[in-house]
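# could you look at this predicted model? Sequence included:
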Amino acid sequence: MGVQVQSYHHGNLKQALLETALEHLKLHGPDKISLRALARDVGVSQTAPYRHFEDKTALLAALAAEGFRRLNHASALVTSPESSAARALQLSGKAYIHFALDNPELYRLMFGPMLSPDDDFPELEEAGNQAFDVIVSIVRRGIDSGEFVNKDSLLVANSTWAMVHGISSLMLDRRFDCVEGGISESVLDESLDIIMLGLLVR
């Protein structure tokens with residue numbers, strides 16, 4: 001059975017296709033997404049999607065870009081300029097992990113092998129950079145305020161991202177199920193505390 005969506009308003013075909021593609025992604029994974037199936041479920045001709053997406057890879061890139069925008073939004077909701085940089089970085093990291101757990105198919109598309117970093121998709125590159133800049137800006141704020149050790153901000157941001165991304169991937173793949181006690185919300189908080197220990201000035 002196809003995914004049923006409300007009819008799109010004139011001029012909103014691209015957004016309707018993306019929303020439907022997200023549903024297809026959740027149900028079938030990226031391999032089985034097709035522009036023809038999207039056209040059928042949105043209720044347009046089979047050629048209509050090609051006015052917005054050159055091919056399936058371009059559609060997947062647009063989906064990944066939407067994922068990075070949502071990740072950026074999730075981080076913005078939990079962080080505040082008034083909070084300490086340490087607190088902001090912890091909350092941002094936790095938002096990242098919960099985004100991955102709540103959107104596993106989209107997360108895997110964003111960081112998986114189906115889209116190469118060498119591909120030329122400016123929208124995806126911009127959205128990815130904006131999401132990463134959230135981490136960089138918090139790190140720079142922490143360094144400038146004296147909360148964090150005075151190291152290269154990009155090195156610190158990349159290291160922090162790698163650790164949070166690693167936790168997210170391990171949780172998605174249920175690797176912590178093999179560890180005694182697994183990983184609870186409190187253990188997740190403690191894990192983020194441990195990450196912070198290497199950044200804080202003592």
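Great, that's in hand. Everything numeric here is computed off the predicted structure, so don't read it as measured data.
# who does the host helix or strand of residue 196 touch, helix- and strand-wise?
Using DSSP states H and E, residue 196 sits within helix 185-197. The contact analysis (3 or more C-beta pairs under 8 Å, 6 or more residues apart in numbering; DSSP states H and E) places helix 185-197 against helix 85-102, helix 153-172. C-betas here are computed from N, CA, C, even on glycine.
# orientation of that helix relative to helix 153-172 in degrees?
Angle, helix 185-197 to helix 153-172, by axes from the mean of the first three to the mean of the last three C-alpha atoms, to 10 degrees: 160 degrees.
# what angle do helix 185-197 and helix 85-102 make?
Using the same axes, to 10 degrees: helix 185-197 against helix 85-102 is 130 degrees.
# now do the buried residues in helix 185-197.
For helix 185-197, a neighbour-count test (16 or more other C-beta atoms under 10 Å) marks 188, 191-192, 195-196 as buried.
# got it, and stretch 106-119?
106-111, 114-115.
# how does this protein divide into domains?
1-53, 56-197 (automatic domain parsing).
# possible to save these as a markdown table with mean pLDDT?
Shown next, in a markdown table, are the domains of the chain (pLDDT from 0 to 100):
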| stretch | mean pLDDT |
| --- | --- |
| domain 1-53 | 84 |
| domain 56-197 | 91 |
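# quick one: the helices in the protein?
For the chain, applying DSSP state H gives helices covering 13-28, 35-42, 56-78, 85-102, 104-111, 122-145, 153-172, 185-197.
# quick one, the longest one and helix 153-172 angle?
Helix 122-145 and helix 153-172 meet at an angle of 120 degrees, taking the same axes, to 10 degrees as the criterion.
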